[in-house]
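Chemist: After the sequence you'll find the predicted model.
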Amino acid sequence: MPNLIAIVGRPNVGKSTLFNRLTKTRHAIVSDEAGTTRDLIEESLDLEGWPVRLVDTAGLRMAGNAVEAEGVARAKVLIDKADIVVALDCDIPGALKIHAKCDLDGASGAAADGVSAPLRVSSKTGEGLEDLKRALAERLSAMSAEGAEEVADVTARQTALLQKARTALAGADVADLVLAANALRRAADALGEIIGKTYSEDILAELFSRFCVGK
């Protein structure tokens, strides 16, 4: 499934221009008038070999009307949902920070790492765009590696629990209903940990309800 990348920031910081430049489209309206983006604009693309869904959002500010307010609300929801947030000239925890329109400040220099200082990007001149793509790809790669480790940990734990259940059942003495019930309980506990359910005494009572087991 493609990763979700949200471009966020205040009005007129260059979000839509950056979106169009990265997607090589003109889907997002670019204007000097603030608040022209009032809904989420999404485009799928290949980013350095990674399939992503890139989304342009409404500028984060106190909206002047109900339509823009809804756009801002949707942008804030997307910030929480996105795998990566690209924050243009604003401070959002965990986001990849961008100093946009860097061609206008008259300064030049190497791009930063996007964590301790913003990446310098100009959608107009193309400065920093390759650095931005590389930084996004590195984050996606790191996220993929973390996900693989989590899956490996879960798989190893599930394998151990399945083995525990198998061992319990293999040692069950079907001739002794009390011992068989204890073995089933241990197996059920192990399987319950895998699927996130807890088995109660009622289940075993139902299983052995037709037998008379001495106390």
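Modeler: Good, I have the coordinates.

Chemist: mind listing the strands for this protein?
Modeler: Counting by DSSP state E, the chain has strands at residues 3-9, 41-47, 50-56, 84-88, 96-99, 119-120.

Chemist: What is the burial count for residue 183?
Modeler: 20 (other C-beta atoms under 10 Å). To be clear about C-beta, it is placed using only N, CA and C from the backbone, and glycine gets the same treatment.

Chemist: Please apply the same query to residue 167.
Modeler: So residue 167, with other C-beta under 10 Å, has 13 neighbours.

Chemist: oh, and call the first residue 558 from now on, that's how I've got it
Modeler: All set: I'll call the first residue 558, so the last point we hit is now residue 724.

Chemist: ok, it to residue 750 distance?
Modeler: Separation of residue 724 from residue 750 (C-beta to C-beta, to the nearest Å) stands at 15 Å.

Chemist: Flag every buried residue along stretch 645-653.
Modeler: Neighbour counts over stretch 645-653 (16 or more other C-beta atoms under 10 Å) mark 645, 647, 649, 652, 653 as buried.

Chemist: go on, stretch 596-607?
Modeler: Buried residues in stretch 596-607, counted by 16+ other C-beta under 10 Å: 598, 599, 600, 604, 607.

Chemist: which residues touch the fourth one?
Modeler: In other words, residue 604. Residue 604 makes contact with 562, 579, 611, 690, 693, 694, 697, according to C-beta atoms under 8 Å, 6 or more residues apart in numbering.

Chemist: Please, where are all the helices along this protein?
Modeler: 572-580, 623-638, 686-727, 734-752, 758-764 (DSSP state H).

Chemist: most neighbours per residue, which of those?
Modeler: Highest mean neighbour count of these: helix 572-580, a mean of 22 (counted as mean count of other C-beta atoms under 10 Å).

Chemist: how near is the residue nearest the centre of the chain to residue 719?
Modeler: Against the mean C-alpha coordinate of the chain, by C-alpha atoms, centre = their mean, the closest residue is residue 640 at 3.6 Å. Plainly put, residue 640 is 31 Å away from residue 719 if you go by C-beta to C-beta.

Chemist: nearest residue to residue 657 other than its sequence neighbours?
Modeler: In space, and not counting its chain neighbours, residue 657 is closest to residue 571: 3.9 Å by C-beta to C-beta, 6 or more residues apart in numbering.

Chemist: how about that neighbour, what does it touch?
Modeler: 645, 657, 658, 680.

Chemist: Give me the nearest residue to the third one, chain neighbours excluded.
Modeler: The spatial neighbour of residue 658 that comes closest, neighbours along the chain excluded (C-beta to C-beta, 6+ apart), is residue 571 at 5.1 Å.

Chemist: about what we covered before: kindly reformat the contacts of residue 571 as a markdown table containing distance to residue 630.
Modeler: Shown next, in a markdown table, are these (distance: C-beta to C-beta, whole Å):
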| residue | distance to residue 630 |
| --- | --- |
| 645 | 19 |
| 657 | 23 |
| 658 | 26 |
| 680 | 26 |
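
Chemist: Which one of those residues is nearest to residue 715?
Modeler: residue 645 (42.5 Å; C-beta to C-beta).
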